[in-house]
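Undergrad: what's the 3D shape of this:
(4 chains)
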2 protein chains.
Amino acid sequence: MTTDIPRSGGVQSLARAFGVLESLAELGGEAGLSEIASATGLAPGTSHRLVRTLVDLGYLRQLPSRRYTLGPKLVGLGETAARQFGRWAQPVLTELVAQIGETANLAVLDGDQAVYVAQVPSPHSVRMFTEIGRRVPVHCTGVGKALLSALPAAESAAIVARTGLPAVTPTTITDPAAFAAELEAGRARGYVLDEGEQETGVRCVAGPVVGPGSAAVSVSGPSSRMDDSTVARIAPLVVAAGRRLGALLATA
Amino acid sequence: MTTDIPRSGGVQSLARAFGVLESLAELGGEAGLSEIASATGLAPGTSHRLVRTLVDLGYLRQLPSRRYTLGPKLVGLGETAARQFGRWAQPVLTELVAQIGETANLAVLDGDQAVYVAQVPSPHSVRMFTEIGRRVPVHCTGVGKALLSALPAAESAAIVARTGLPAVTPTTITDPAAFAAELEAGRARGYVLDEGEQETGVRCVAGPVVGPGSAAVSVSGPSSRMDDSTVARIAPLVVAAGRRLGALLATA
DNA sequence: AGTCGCTTTTCCGCATCATGGAATGTATCG
DNA sequence: CGATACATTCCATGATGCGGAAAAGCGACT
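TA: Numbers count the residues shown, from 1 in each chain, chains lettered A, B, ... in the order given. Okay, the predicted model is just below:
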């Protein structure tokens, strides 16, 4: 079921081992050996050896029920990876916060969800609260819609078809046609808005990071401070930041 | 140099590949191929092949400067792993919060730091703010000291020797002898206290999770609500929760 | 510009190492 | 209590990853 295609020119035991990890993640983070074997298409003996190695290394844990879960070392690695992304993005996000005064975020597309990988909080005491590493749906967040708007229409449509458009707040867009129009509008003007679609009272301006890989920047804050004129003022800044981050991604 | 060589029967290309990932993390998240090769003790050709495979899989990214960084897929895996920990711990933490009314956390030891893997926030609006996946020093946090107190004295001493005891707030313990005594006291009574040692105005009660692997539970809140009688009341509850979590870890 | 030294990347023959099917042991179900 | 399904171990086979060495880029230094 994984989108993995065992392809040429690499260490294949590695590809298979990571296939195991991803299958485990897709199976809800916990699975028995046979589930893993059938999900990855590997022979029982082979998957057992891989799994056993991963357990020895601390990246998987075996429960007394003989089932397997993702291990603690993955948490640490993931955190370091997120911090890494944060490092090069930090200056640009910091400048955004200085110009705008609201929290700035960077997110990447992973699977069918957006993952926040960097964040610079606003100086205000009442501020948005986004955990680094947090995964959010694409259809009701600024970064999510920005990510989709930068994708070929066919790909974004495929993602939306898989995830659906569940209502999270009263303003969440739930009509497929309206959502497609929203993406098209975003594509045309270069940025998208989130009008409390994920959390009531939160307004968000987001733009794509142009470059290799899918990423997006956003600035979000309480509606009380994010009036229309403010949004109009900051939209170009967000777009510029997206462009600058894309350039960094390609050059750094 | 820090990576061991687990010689006992497993897939060795896997052990080496994860050695590469960990070396990269230790090198600050960004490194050239030769740095990786010397850090892992592998031949240049070998490490290049491993690194190349990891790049193809999306777990590493190669910068235009030909250096390597941890890739976005690791962020997603780490998040799923953290969420996984949260799942089985959630009921116990939720009960703690119901009994006590303050935020409850679960952390594991990874390397020389503590990583928060689960959290149930308190119902109060003024509450502690801990990101899942966040790494904190061991010497100035409740969970950190609880983790150390459950370790053999030699191991905890080795960790403290590596990290040192930098002052974070005025109440941070910076004297090695005093810190050793603090750990010993915690070991004796079964729980430890954090008296604003990491953040002023925050008091925290933490206890070890007895079982395989190193983990710890904590309850933390503002000093205004965490007076001495409250602490006395909740300490046994935290200890009991630690025991229950340990049992779950061994049985679930 | 020219040269030198370094790091990264590719190549290839050899032996190691991972492979997967079948056999054994162990929990779970009827 | 018997039967089934699952997890785990074993082993001969050959495919696969290994690492030394050479080629290609890149940067520095004169």
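Undergrad: Give me the neighbour count for the residue of the stretch 51-200 of chain A found nearest DNA strand C.
TA: Nearest to DNA strand C in the stretch 51-200 of chain A, going by Cβ to the nearest atom of the strand, is residue A:65, at a distance of 6.0 Å. The way it works is simple: take the backbone N, C-alpha and C, and place the C-beta from them, glycine included. Using other Cβ atoms under 10 Å in any protein chain shown, residue A:65 has 10 other residues around it.
Undergrad: Equivalent analysis for residue A:176, please.
TA: 14.
Undergrad: coming back round to it: specify the local secondary structure of the residue of the stretch 51-200 of chain A closest to DNA strand C.
TA: coil (DSSP: H, G, I helix; E, B strand; the rest coil).
Undergrad: Give me the pLDDT value at whatever residue of the stretch 1-150 of chain A ends up closest to DNA strand C.
TA: The minimum distance from the stretch 1-150 of chain A to DNA strand C, using Cβ to the nearest atom of the strand, falls at residue A:45 (2.6 Å). pLDDT, residue A:45: 88.
Undergrad: Tell me, how many residues neighbour it?
TA: For residue A:45, the count of nearby residues is 9 (other Cβ under 10 Å).
Undergrad: Show me what counts as buried in the helix or strand containing it.
TA: Using DSSP states H and E, residue A:45 sits within helix A:44-57. Neighbour counts using 16 or more other Cβ atoms under 10 Å in any protein chain shown place A:47, A:49, A:50, A:51, A:52, A:53, A:54, A:56, A:57 of helix A:44-57 among the buried residues.
Undergrad: cool, and stretch A:57-72?
TA: Neighbour-count burial for stretch A:57-72 [16+ other Cβ under 10 Å]: A:57, A:58, A:59, A:60, A:61, A:63, A:67, A:68, A:69, A:70, A:71, A:72.
Undergrad: same question, stretch A:191-203
TA: For stretch A:191-203, by 16+ other Cβ under 10 Å, it's A:191, A:192, A:193, A:194, A:195, A:196, A:197, A:198, A:199, A:202, A:203.
Undergrad: and the next element down the chain from the helix or strand the fourth one falls within?
TA: Assigned by DSSP H and E, residue A:194 falls within strand A:192-195. Next helix or strand after strand A:192-195 toward the C-terminus (DSSP H and E): strand A:202-209.
Undergrad: Just confirm yes or no for the next helix or strand after that next one near chain B.
TA: Note on strand A:202-209: by DSSP H and E, the next helix or strand toward the C-terminus is strand A:215-222. No - for strand A:215-222 and chain B, the contact criterion (Cβ under 8 Å from any Cβ of the partner chain) is not met; the two come no nearer than 8.6 Å.
Undergrad: Also compute the angle for strand A:215-222 relative to strand A:202-209, please.
TA: Between strand A:215-222 and strand A:202-209, the angle comes out at 160 degrees (axes from the mean of the first three to the mean of the last three Cα atoms, to 10 degrees).
Undergrad: ranges for the strands of the stretch 1-150 of chain A?
TA: For the stretch 1-150 of chain A, the strands defined by DSSP state E, counting those that start in this stretch occupy A:30-31, A:60-62, A:68-70, A:103-110, A:113-120, A:135-136.
Undergrad: among these, where is the model least confident on average?
TA: Among the strands of the stretch 1-150 of chain A, strand A:135-136 scores lowest, at a mean of 80.
Undergrad: Okay, now the sheet partners of that strand, with direction.
TA: The strands that strand A:135-136 pairs with in its sheet are strand A:113-120 (antiparallel) (by DSSP bridges).
Undergrad: what separates the strand it pairs with from the chain centre, distance-wise?
TA: 6 Å (Cα atoms, centre = their mean, to the nearest Å).
Undergrad: and what of stretch A:42-62?
TA: Distance, centroid of stretch A:42-62 to centroid of chain: 27 Å (Cα atoms, centre = their mean).
Undergrad: okay, that stretch in PDB with CA atoms only?
TA: In PDB, the C-alpha atoms belonging to stretch A:42-62 read as follows (Å, rounded to 0.1, in the frame of the first residue of the first chain):
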ATOM      1  CA  LEU A  42       8.400  -9.000   2.000                       C
ATOM      2  CA  ALA A  43       8.800 -12.600   3.100                       C
ATOM      3  CA  PRO A  44       8.100 -13.200   6.800                       C
ATOM      4  CA  GLY A  45      11.700 -14.200   7.500                       C
ATOM      5  CA  THR A  46      13.100 -11.100   5.800                       C
ATOM      6  CA  SER A  47      10.800  -8.700   7.600                       C
ATOM      7  CA  HIS A  48      11.500 -10.300  10.900                       C
ATOM      8  CA  ARG A  49      15.200  -9.900  10.400                       C
ATOM      9  CA  LEU A  50      14.800  -6.200   9.500                       C
ATOM     10  CA  VAL A  51      12.400  -5.600  12.400                       C
ATOM     11  CA  ARG A  52      14.700  -7.300  14.800                       C
ATOM     12  CA  THR A  53      17.600  -5.200  13.700                       C
ATOM     13  CA  LEU A  54      15.600  -2.000  14.100                       C
ATOM     14  CA  VAL A  55      14.600  -3.100  17.600                       C
ATOM     15  CA  ASP A  56      18.200  -3.700  18.500                       C
ATOM     16  CA  LEU A  57      19.000  -0.300  17.300                       C
ATOM     17  CA  GLY A  58      16.300   1.400  19.300                       C
ATOM     18  CA  TYR A  59      14.200   2.600  16.400                       C
ATOM     19  CA  LEU A  60      11.400   0.100  17.000                       C
ATOM     20  CA  ARG A  61      10.100  -1.300  20.300                       C
ATOM     21  CA  GLN A  62       8.700  -4.700  20.700                       C
END
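Undergrad: near DNA strand D, anything from it?
TA: Yes - contact of stretch A:42-62 with DNA strand D (Cβ under 7 Å from any atom of the strand) involves A:44, A:45, A:48, A:49, A:51, A:52, A:62.
Undergrad: From residue B:198, how far out is the last one?
TA: What that stands for is residue A:62. Going from residue A:62 to residue B:198 by Cβ to Cβ, to the nearest Å gives 33 Å.
Undergrad: For the strand holding residue A:194, which helices and strands make contact with it?
TA: Applying 3 or more Cβ pairs under 8 Å, 6 or more residues apart in numbering or on different chains; DSSP states H and E, we find strand A:192-195 packed against helix A:142-149, helix A:176-189, strand A:202-209.
Undergrad: For the second one, which outside residues touch it?
TA: When you say that, I think you mean helix A:176-189. A:139, A:145-146, A:148-150, A:153, A:156-157, A:160, A:165, A:173, A:192 (Cβ atoms under 8 Å, 6 or more residues apart in numbering or on different chains).
Undergrad: redo that, cut-off 7 Å
TA: Under the contact criterion Cβ atoms under 7 Å, 6 or more residues apart in numbering or on different chains, helix A:176-189 has outside partners A:139, A:145, A:146, A:148, A:149, A:156, A:160, A:165, A:173, A:192.
Undergrad: out of these, who has the most neighbours?
TA: The member of the contacts of helix A:176-189 that has the most neighbours, counting by other Cβ under 10 Å, is residue A:146 with 35 neighbours.
Undergrad: which residues does it contact?
TA: Per Cβ under 7 Å, 6+ apart, neighbours of residue A:146: A:186, A:192, A:206, A:207, A:208, A:216, A:218.
Undergrad: Which member of these is positioned nearest residue A:122?
TA: The closest of the contacts of residue A:146 to residue A:122 turns out to be residue A:218 (Cβ to Cβ; 12.4 Å).
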